[in-house]
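K.L.:
Give me a model of this one.
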Amino acid sequence: MRTLAAIAVVVSSTLALHAQSAPPNARPIETITQEELRQHVCFLASDFLGGRRPDDSGYTIAAEYAASQLRAAGVRPAFTGADGTPTYFQKVPMMKVTTAIDRPFTLTRPSGDQVIESLDDFRLYMRGPSIGKAPMTFIGYGISEPEYGWDDIKGVDLKSSVAVMLLGTPQRDGKPVLPPAVDARYQGTRGIGARVQTPALRQNQPLALVVVVLDKGSLDAWSNLPNVLESAQLQYRPGGAKGRLTTGPAAVVLLKGAQAAAMFAGQEYDPMAIPTRGLEGYKTFAFRDTRLSLGIRLTGEDFDSVNVGGLVPGTDPALAHQVITVGAHLDHVAPAAGQIRNGADDNASGSAGVLEIAEAVAAKPLRRSVYFCLWAAEESGLVGSRHFLAAPPVPLDDIIVNLNLDMIGRSDQGAAKTRTHYVIGSAKITPELKATIIAANAKTVKWPLDFESKEGSMSGSDHYQFHQKGIPTAFWFSGDHDDLHTPGDDAEKIDFEKVQRISQLVYQVTADLGNREKSIRPPSTPKTDSGARRP
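P.N.:
Modelled structure (predicted):
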């Protein structure tokens, strides 16, 4: 019954949206309206869809909805099905992995084993191989920024050890030790990824990472922090291989409270006192007479998700083979503690923007072709965009630029007054892309943009897959806010004027790139031709 009801809602929503579309003589940019964006977001971020996790029926309904909107706008299917017919859906091979503790978190000391029986202060943030009586090394905040006078990794060998570090950043007299932009990179649980991605920690790959949570913000959000023991995790199956069960390179454990304090008992330095004592006595050290064990057991189940994609072919025979991709991830995350996390900003807002930009481009096609893509499983490791580039509908050398909308409906704390929007990575491969965005903004919406503050988020969304292939990209991003990945990310908190203006701006950038004489992609870009068909 749920599926039948959903189909009825999709059909009625499609008819309603296009009945309210802009008059026939409107310019394409004027067809991107707040009312249509609001209806897209309210549908995609409704409780009915349950959070749009790729293995759930709610995601299937969201994908059908997106395809219906593309079809109604006159956007062609982007893919070819197994039977050779055009389709809006590209199958994405995935696996659902269930994680369990086979052997509890155990500290072995000369006095005997100390076992964490209660999981209240323990969260398995990321799965990895099991660990058996491994030595431990405290690496402070785990931050390596030698150019700013701070390096916790220098001279430390972690390759056969468990690394223990603090979540958060070093503070003196209530102020960050590191410059604000650098400090922001390591804040919150996303800062774990920033640490792991640094060359110092990558080269020093530890057996596992234990993260001690002391900062008030993370402690207040403890119940919402990821725990792979609470629900199945999703992963990509490259090439569609059946039963390919893989783990990450190292497990990541979050600890707080008495369980974290127990680790440091009798050691030469106790970082648990930092909230009251500050950095006095701060040091890294190898744990004395203490080893760690943790057993992790995995089981897997294969399934297929889908990317949704539409194509507006180019009008110029000499340029139509060149492709612009405009994308957003359609998925979100599973409920937590019985509450649905609807993901209105992350990323119903970006998905709504892509649907409206597609309608505008279809109303007046460009000289170059444009693919509009709604990716699956971004929250599970950028899976949908990764698969698109592994099995592209066009040769990769023909993709000249990627524009990625991931959260365009809110403003973070740093931009609360100005409503500034972040544009990340646009000058990484060619400065021309940034210049094109600035010029398009000046002649259209004139929205405040920040190209610099969030450059540390370059790997944080689907655009990064394109960047790695040498394809110019721009990531349109609200910035993190308190409702991210919580039940509070709902449609009533969306700034729909901002969604409209950013969508209109991305449309204008797309139109300028699609109609210009010269490709934005540098000719020196390495060849990556996959042999796929041209549009």
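K.L.:
all helices of the chain, in order?
P.N.:
2-19, 34-44, 57-72, 180-185, 190-196, 199-203, 216-220, 257-264, 274-277, 350-363, 383-390, 431-443, 463-468, 496-515 (DSSP state H).
K.L.:
Any idea which of those gets closest to residue 450?
P.N.:
Judged by Cβ to Cβ, the one of the helices of the chain that comes nearest to residue 450 is helix 180-185, at 10.9 Å. The C-beta positions use only the backbone N, C-alpha and C, and glycine is treated the same way.
K.L.:
ok, residues contacting the closest one?
P.N.:
Helix 180-185 is touched from outside by 145, 148, 169, 176-177, 191, 194, 452-453, 456, with contacts defined as Cβ atoms under 8 Å, 6 or more residues apart in numbering.
K.L.:
ok, now with 7 Å
P.N.:
Applying Cβ atoms under 7 Å, 6 or more residues apart in numbering, the contact partners of helix 180-185 are 145, 148, 169, 176, 191, 194, 453, 456.
K.L.:
ok, back up a step: right, so of the helices of the chain, which gets closest to residue 420?
P.N.:
With Cβ to Cβ as the yardstick, what comes closest out of the helices of the chain is helix 496-515 (9.9 Å).
K.L.:
and the closest one with helix 431-443, angle?
P.N.:
Helix 496-515 and helix 431-443 are oriented at 130 degrees to each other (axes from the mean of the first three to the mean of the last three Cα atoms, to 10 degrees).
K.L.:
List the buried residues in helix 496-515.
P.N.:
496, 498-514 (16 or more other Cβ atoms under 10 Å).
K.L.:
residue ranges with poor pLDDT in the chain?
P.N.:
1-24, 117-118, 524-535 (pLDDT under 70).
K.L.:
Could you chop it up by domain?
P.N.:
2-93+305-515, 96-299 (automatic domain parsing).
K.L.:
So which of those domains is the most surrounded?
P.N.:
Across the domains of the chain, averaging neighbours per residue (mean count of other Cβ atoms under 10 Å) puts domain 2-93+305-515 on top, at a mean of 21.
K.L.:
quick revisit: any chance of TSV for the helices of the chain, columns distance to residue 412?
P.N.:
Formatted as TSV, the helices of the chain follow (distance: least, Cβ to Cβ, whole Å):
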stretch	distance to residue 412
helix 2-19	30
helix 34-44	19
helix 57-72	25
helix 180-185	10
helix 190-196	12
helix 199-203	26
helix 216-220	14
helix 257-264	29
helix 274-277	25
helix 350-363	15
helix 383-390	24
helix 431-443	19
helix 463-468	18
helix 496-515	12
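K.L.:
out of the ones you listed, nearest to residue 488?
P.N.:
helix 216-220 (13.2 Å).
K.L.:
ok, and what's touching that closest one?
P.N.:
167, 188-189, 213, 225, 256.
K.L.:
I'd like the distance from it to the chain centre, please.
P.N.:
Once both centres are worked out by Cα atoms, centre = their mean, to the nearest Å, helix 216-220 turns out to sit 22 Å from its chain's centre.
K.L.:
Can I get that helix in PDB, CA atoms only?
P.N.:
What follows is helix 216-220, C-alpha atoms only, in PDB (Å, rounded to 0.1, in the frame of the first residue of the first chain):
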ATOM      1  CA  LYS A 216      31.300  19.800  25.000                       C
ATOM      2  CA  GLY A 217      29.700  20.000  21.500                       C
ATOM      3  CA  SER A 218      30.400  16.400  20.700                       C
ATOM      4  CA  LEU A 219      29.500  15.200  24.200                       C
ATOM      5  CA  ASP A 220      26.100  17.000  23.800                       C
END
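K.L.:
and residue 438, how far is that from residue 427?
P.N.:
Applying Cβ to Cβ, to the nearest Å, the value for residue 438 to residue 427 is 10 Å.
K.L.:
quick one on the thing from earlier: closest one to residue 405 out of the contacts of helix 216-220, please.
P.N.:
residue 188 (22.2 Å).
K.L.:
Now do the contacts for the closest one.
P.N.:
Counted by Cβ under 7 Å, 6+ apart, residue 188 has contacts 217-218, 480.
K.L.:
One more: residue 293?
P.N.:
By Cβ under 7 Å, 6+ apart, the neighbours of residue 293 are 103, 106, 108, 131-133.
K.L.:
Can you lay out those residues as TSV showing distance to residue 378?
P.N.:
Putting the contacts of residue 293 into TSV (distance: Cβ to Cβ, whole Å) gives the following:
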residue	distance to residue 378
103	33
106	35
108	40
131	30
132	34
133	37
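K.L.:
mind checking how far the closest residue to residue 260 other than its chain neighbours is from residue 520?
P.N.:
Excluding the flanking residues, the one nearest residue 260 by Cβ to Cβ, 6 or more residues apart in numbering is residue 212, at 4.6 Å. Using Cβ to Cβ, one gets 45 Å for the distance from residue 212 to residue 520.
K.L.:
With residue 153 instead?
P.N.:
Taking Cβ to Cβ, one finds residue 153 at 38 Å from residue 520.
K.L.:
What residues are bridge-paired with residue 371?
P.N.:
On the basis of DSSP bridges, residue 371 is bridged to residue 311, residue 325.
K.L.:
Relative to residue 281, how far out is it?
P.N.:
56 Å.
K.L.:
Same question for residue 55.
P.N.:
48 Å.
K.L.:
do the same with residue 196
P.N.:
26 Å.
K.L.:
just residue 472 next, same as before
P.N.:
Distance from residue 472 to residue 281, by Cβ to Cβ: 48 Å.
K.L.:
With residue 443 instead?
P.N.:
58 Å.
K.L.:
ditto for residue 106
P.N.:
Residue 106 is 28 Å from residue 281, by Cβ to Cβ.
K.L.:
hang on, residue 411 packs against residue 447?
P.N.:
No: Residue 411 is beyond contact range of residue 447, at 11.2 Å (criterion: Cβ atoms under 7 Å).
K.L.:
contacting residues for the residue lying farthest from the centre of the chain?
P.N.:
No residue in the chain sits farther from the centre than residue 111, which is 44.4 Å out by Cα atoms, centre = their mean. By Cβ under 7 Å, 6+ apart, no residues touch residue 111.
K.L.:
ok, 10 Å please
P.N.:
266, 289 (Cβ atoms under 10 Å, 6 or more residues apart in numbering).
K.L.:
how near is it to residue 132?
P.N.:
With Cβ to Cβ as the criterion, residue 111 and residue 132 are 19 Å apart.
K.L.:
repeat for residue 247
P.N.:
15 Å.
K.L.:
Kindly report the same for residue 514.
P.N.:
57 Å.
K.L.:
do residue 320 as well
P.N.:
Taken as Cβ to Cβ, the span from residue 320 to residue 132 is 59 Å.
K.L.:
One more: residue 104?
P.N.:
In terms of Cβ to Cβ, residue 104 sits 13 Å off from residue 132.
K.L.:
Find residues that contact each of the two.
P.N.:
With Cβ under 10 Å, 6+ apart, residue 104 and residue 132 have common neighbours 293-295.
K.L.:
Show me which of these is closest to residue 361.
P.N.:
residue 294 (51.1 Å).
K.L.:
Bridged to that closest one, which residues?
P.N.:
residue 131.
K.L.:
Wait, it touches residue 130, no?
P.N.:
Yes: between residue 294 and residue 130 there is a contact under Cβ atoms under 10 Å: 6.4 Å.
K.L.:
what residues do those two have in common as contacts?
P.N.:
With Cβ under 10 Å, 6+ apart, residue 294 and residue 130 have common neighbours 101-103, 207-208, 251.
K.L.:
So the residue nearest to residue 260 is in contact with residue 261, correct?
P.N.:
Yes: assessed by Cβ under 10 Å, residue 212 is found in contact with residue 261 at 9.1 Å.
K.L.:
Mind listing the shared neighbours of those two?
P.N.:
Joint contacts of residue 212 and residue 261 (Cβ under 10 Å, 6+ apart) are 255, 271-272.
K.L.:
could you dump those to a markdown table with distance to residue 488?
P.N.:
Compiled in a markdown table, the shared contacts of residue 212 and residue 261 are given as follows (distance: Cβ to Cβ, whole Å):
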| residue | distance to residue 488 |
| --- | --- |
| 255 | 26 |
| 271 | 31 |
| 272 | 30 |
